[in-house]
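# I'd like to go over a predicted model; first the sequence, then the structure.
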Amino acid sequence: MNSQTIKVDQFDIESRPAKNQPSQILNILAAIPAQFRIARDIERQARQLYAMNDSALGDIGLDRDSIAAQLVESYKR
């Protein structure tokens, strides 16, 4: 069995509470509804694009292989 001595200063670092943790959690929770809204918008856009025929996609400058890249770009905006 291997054992290692823990020094007091090491314990002190581990026992301190995290700073700003409640506010960080609230910020993350507040962003969740917006992310779901964005995901629904992208899903709607994906359904519309994949439902289009090849000539209609060509009219807007896309082809089937570039739809995914277009959706990623729309997410970045």
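Alright, I've got the coordinates. Numbers count the residues shown, from 1 in each chain.

# Centre-most residue in this protein?
Nearest to the mean C-alpha position of the chain, counting by Cα atoms, centre = their mean, stands residue 35 at 7.5 Å.

# longest helix of this protein?
Using DSSP state H, we find that the single longest helix of the chain is helix 21-51.

# buried ones in that helix?
Residues of helix 21-51 classed as buried: residue 49 (neighbour count, 16 or more other Cβ atoms under 10 Å). (Each C-beta comes from the backbone N, C-alpha and C, glycine too.)

# Could you number the chain from 886 rather than 1 from now on?
Sure, I'll start counting at 886 from here, so that last one is helix 906-936.

# can you give me the offset of it from its chain's centre?
Distance, stretch centre to chain centre, for helix 906-936: 8 Å (Cα atoms, centre = their mean, to the nearest Å).

# Just list what it packs against, helices and strands only.
helix 952-961 (3 or more Cβ pairs under 8 Å, 6 or more residues apart in numbering; DSSP states H and E).

# Residue 956 and residue 932 touch, don't they?
No - Residue 956 lies out of contact with residue 932 (Cβ atoms under 8 Å); the separation is 10.7 Å.

# Where does residue 941 sit, in terms of helix or strand?
helix 939-944 (DSSP states H and E).

# Need the mean per-residue confidence for that helix.
If you average the pLDDT over helix 939-944, you get 93.

# which parts of it are buried?
Neighbour count says helix 939-944 has residue 942 buried, by 16+ other Cβ under 10 Å.

# Please name the nearest non-neighbouring residue to residue 960.
The spatial neighbour of residue 960 that comes closest, neighbours along the chain excluded (Cβ to Cβ, 6 or more residues apart in numbering), is residue 927 at 5.8 Å.

# Quick check: residue 926 vs residue 946, distance?
20 Å (Cβ to Cβ, to the nearest Å).
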